[in-house]
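Visitor: Fold the stuff below for me.
(one chain, ligands or ions: 1)
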Amino acid sequence: MTSPFEYAPAPESRAVVDIKPSYGLFVNGEFVDGSGTSFKTVNPATEEVLAEVAEASDADVDEAVKAARRAYTRVWSRMSGAERAKYLYRIARIIQERGRELAVLESIDNGKPIKESRDVDVPIVAAHFFYYAGWADKLKYAGYGDTPLGVAGQVIPWNFPLLMLAWKIAPALACGNTVVLKPAETTPLTALLFAEICQQADLPPGVVNIVTGAGATGRAIVSHPDVDKVAFTGSTEVGKAIARAVAGTDKKVTLELGGKAANIVFDDAPLDQAVEGIVNGIFFNQGHVCCAGSRLLVQESVADEVMSRLKRRMATLRVGDPLDKNTDVGAINSAEQLAKIRELSEIGEAEGAERWSAPCELPSNGYWFAPTVFTGVTQAHRIAREEIFGPVLSVLTFRTPSEAVEKANNTPFGLSAGVWTDKGSRILSMANRLRAGVIWANTFNKFDPTSPFGGYKESGYGREGGRHGLEAYLKGADN
Ligand code: NDP
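Guide: Here you go, the predicted model:
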């Protein structure tokens, strides 16, 4: 029998992007060759090599920091906030104009479905630049002073390449800092397209510098003596290494690290809506989300009902070509990440949890993992404690709100949480007791530039977004 969910293919055209065979570094407003070696970036959905990208050496990073320092001293820190805002507005508008191109390129290099890059990532990227453009001439009303820090060194991961770039660059520039940013090794292409957008916007040379490379390039930025501020998003392990590297210096640091969020469903929740929220919480962006709802805590009395509705819903998820407009779940970003997801899933089974994967045909090339749920998970299981960073959900049950709070907080992380209930009073009481930076009520994975984002404990420190996000890029009200 034909499934009622069969769709004809609806591929987005690739013709809108122009991928060059090779890319240099973006330093002082120009693309330069760099003195290091190069690496390949591949399409994770097909394993096709997309381009050869320069790997910035220590000397290249030094050139980029020098360019950022010159631009800071001579131009950017001297410019009025209103003038800086004009550049940010211009960048925001160009991002909107070139939105389709950015979305297609992001999906090709990262593996995420086009409907997410087109409808979530790129619009929020533009919104960030618009939002912080609005702050540039009003800094003294924000409460953190209006003195920039200087040169910001920024290192970002591969899960939201362009969005993380926007979270880092927009507030830094609005506050009068200049930046040297390193995109992740597996997803450099949209950052390099953003560099072209900076040229198109006539941004003064050196205000934004993009240096591509791997961990060593990131280390060179973080440890460069002329960098005043380090902003990092990525794994807790590298975050800790960065905290050690800057200890004893006067560099200001913000770290946005991992998570193991609890998505808590009470028995009075609207269950179909909750199931949509569970799916969005863990399968959005293939689960490559630091604030993913990767631990489902469901009240025991509705656990069977929720699980049966969840499995029915998961069976309708369309896994495959990221450029197909009907695709819900795209490719895993890299072979390394796929190996990690497989390994932790096998550990989950070996430790006694019950594994169920949505029935779906996975493409033969590329990196794929079927949406998977584990039931019978206990708090001792590694899949309940460690960040899997893939489309894998661990389900635990609870009987009382206090038990839910205890289980939710029983993690080294504290980035986000979700609460599903009909009762407003219960939402407020849960929000007061959950140790998480962001708590969603009857929704999940909602991002807005006006809202601060950040974590407790091993999820890092500092806040990005909103008025609070300005603090990370200013010297403070007393200076
Ligand atoms: P990393 O933390 O290694 O990568 C984040 C960024 O830091 C990348 O640009 C990376 O470069 C760079 N980097 C790596 N080592 C250093 C260093 N010593 N100093 C400065 N910069 C460095 O994450 P991975 O990509 O290796 O992913 C590993 C795991 O981390 C994932 O499986 C996932 O669990 C978690 N993760 C969490 C994220 C989050 O937002 N919470 C985001 C990404 C990963 P390079 O491009 O070479 O990797």
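
Visitor: Within the helices and strands, which one has whichever residue of the stretch 1-150 of the chain sits closest to the ligand?
Guide: Distances between the stretch 1-150 of the chain and the ligand by CB to the nearest ligand atom are smallest at residue 39, namely 9.0 Å. Glycine gets a C-beta too; all of them are placed from N, C-alpha and C. Counting by DSSP states H and E, the element that carries residue 39 is strand 38-42.

Visitor: what lines up beside that strand in the sheet?
Guide: strand 49-54 (antiparallel) (DSSP bridges).

Visitor: Name the surrounding residues that touch the following helix or strand past the strand it pairs with.
Guide: Using DSSP H and E, the helix or strand that follows strand 49-54 in sequence is helix 58-74. Residues outside helix 58-74 that contact it (CB atoms under 8 Å, 6 or more residues apart in numbering): 25, 27-29, 32, 34-36, 54, 56, 148, 150-151, 153, 176-180, 204-207, 209, 211, 217, 220-221, 224, 226-227.

Visitor: what's the average pLDDT for helix 58-74?
Guide: Mean pLDDT, helix 58-74: 98.

Visitor: again, but for stretch 282-293
Guide: So the average pLDDT for stretch 282-293 ends up being 98.

Visitor: Same question for stretch 426-437.
Guide: Rounded mean pLDDT across stretch 426-437 is 97.

Visitor: Stretch 253-260 too?
Guide: For stretch 253-260, the mean pLDDT works out to 95.

Visitor: The chain should start at 38 in everything you say after this.
Guide: Done: numbering now begins at 38, and the last item shifts to stretch 290-297.

Visitor: end-to-end on that stretch?
Guide: With CA to CA, to the nearest Å as the measure, stretch 290-297 spans 23 Å from end to end.

Visitor: swap in stretch 321-334?
Guide: Per CA to CA, stretch 321-334 runs 18 Å from first to last residue.

Visitor: can you tell me if it touches the ligand.
Guide: Yes. Using CB under 6 Å from any ligand atom, we find that stretch 321-334 touches the ligand at residue 327.

Visitor: Distance from that stretch to the middle of the chain?
Guide: 11 Å (CA atoms, centre = their mean, to the nearest Å).

Visitor: now do stretch 67-79
Guide: 24 Å.

Visitor: tell me which residues of it are tucked away?
Guide: 68, 69, 71, 73, 75, 76, 78, 79 (16 or more other CB atoms under 10 Å).

Visitor: which strand residues sit across from the fifth one in the sheet?
Guide: The one in question is residue 75. Going by DSSP bridges, residue 75 forms beta bridges with residue 91.

Visitor: do the same with the second one
Guide: Following DSSP bridges, residue 69 is listed with bridge partners residue 62.

Visitor: Let me see the contact set for it.
Guide: Counted by CB under 8 Å, 6+ apart, residue 69 has contacts 61, 62, 63, 100.

Visitor: could you dump those residues to JSON lines with distance to residue 154 and neighbour count?
Guide: JSON lines is the format used below for the contacts of residue 69 (distance: CB to CB, whole Å; neighbours: other CB atoms under 10 Å):
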{"residue": "61", "distance to residue 154": "25", "neighbour count": "19"}
{"residue": "62", "distance to residue 154": "24", "neighbour count": "29"}
{"residue": "63", "distance to residue 154": "22", "neighbour count": "27"}
{"residue": "100", "distance to residue 154": "32", "neighbour count": "20"}
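
Visitor: mind listing what the residue most central in space within the chain touches?
Guide: By CA atoms, centre = their mean, the mean C-alpha position of the chain lies nearest to residue 197, the distance being 4.0 Å. Applying CB under 8 Å, 6+ apart, we find residue 197 in contact with 158, 322.

Visitor: roughly how far apart are it and the ligand?
Guide: Remark: distance between residue 197 and the ligand (CB to the nearest ligand atom, to the nearest Å) = 8 Å.

Visitor: Could you check how far that residue is from residue 431?
Guide: When CB to CB, to the nearest Å is the yardstick, residue 197 and residue 431 sit 23 Å from each other.

Visitor: again with residue 189
Guide: Taking CB to CB, one finds residue 189 at 36 Å from residue 431.

Visitor: what do you get for residue 327?
Guide: 16 Å.

Visitor: swap in residue 78?
Guide: In terms of CB to CB, residue 78 sits 32 Å off from residue 431.

Visitor: For residue 493, what are phi and psi?
Guide: phi -110, psi 170 (degrees, to the nearest 10).
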